[in-house]
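>>> Kindly return the folded structure for what I paste below:
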Amino acid sequence: MAYNETITIINYAKDLDIEYNIKLFLLLLTFIYSVGAWWLAYKWETDRYYGIIIKNYLLKIPFGVILFFYPLLSIMLFRTLSWEVFYGFMIAFYTYAIIVLFISAKLGIFEFAADMFGIRSKTKKIDINT
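Numbers count the residues shown, from 1 in each chain. Predicted structure coming up:
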C-alpha cells in the first residue's frame, strides 16, 4: 500500500514539474512575441489604411497591454492559472487577430481597387498647436 502511495506522490511531483516547464515556456514565448511585435509596430512605416489598422490594432495596442501587465501575468501564471486557462487567453487573442485581419483585408481590397482606378488615398495627421 505504501508503495502505491509513493508512486502516486512521485507522479504528482513530476506532473507539477512538467506543468511548471510548460508555464515557463509559454511565459517566455509571450514575452519574445510581444517585444518583437512592439518593435515591428514602431519600425513599420506605412501610408495605407489597412497597414495602419494592422499596425495599431494588431501590433501596438494588444502587445502594449500584454507588456504592461506582464509582471502581473507572470505572478498569476505561476500561482493560480493552469496552462489550459492560458491557452484560453491565447485562443481569445487569436480570434481577435483574425477579426482585425479580416477587416483590414476588406479595406485593403477596396484600397487596391481604388488604386487601379487611379484614386490614391492619403492619410492625414492633424496637428493642434496650443
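
>>> Would you mark the buried spots in stretch 42-61?
Neighbour counts over stretch 42-61 (16 or more other CB atoms under 10 Å) mark 48-51, 53-55, 57-60 as buried. C-beta coordinates here come from the backbone N, C-alpha and C atoms, glycine included.

>>> how about TSV for those residues, with distance to Y87, secondary structure and pLDDT added?
Output for the buried residues of stretch 42-61, formatted as TSV (distance: CB to CB, whole Å; DSSP: H, G, I helix; E, B strand; the rest coil; pLDDT from 0 to 100):
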residue	distance to Y87	secondary structure	pLDDT
R48	33	coil	81
Y49	33	helix	81
Y50	29	helix	82
G51	30	helix	84
I53	27	helix	87
I54	24	helix	86
K55	27	helix	89
Y57	23	helix	90
L58	20	helix	89
L59	22	helix	88
K60	24	helix	90
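
>>> The closest residue to Y57 other than its chain neighbours: neighbouring residues, count only.
Residue nearest to Y57 in three dimensions, not counting chain neighbours: V100, with 5.1 Å by CB to CB, 6 or more residues apart in numbering. As a burial measure, V100 scores 18 neighbours (other CB atoms under 10 Å).

>>> again, but for V65
V65 has 11 neighbours, counted by other CB under 10 Å.

>>> All the helices of this structure, residue numbers only.
Here the chain has its helices, by DSSP state H, at 2-43, 49-54, 61-68, 70-79, 83-116.
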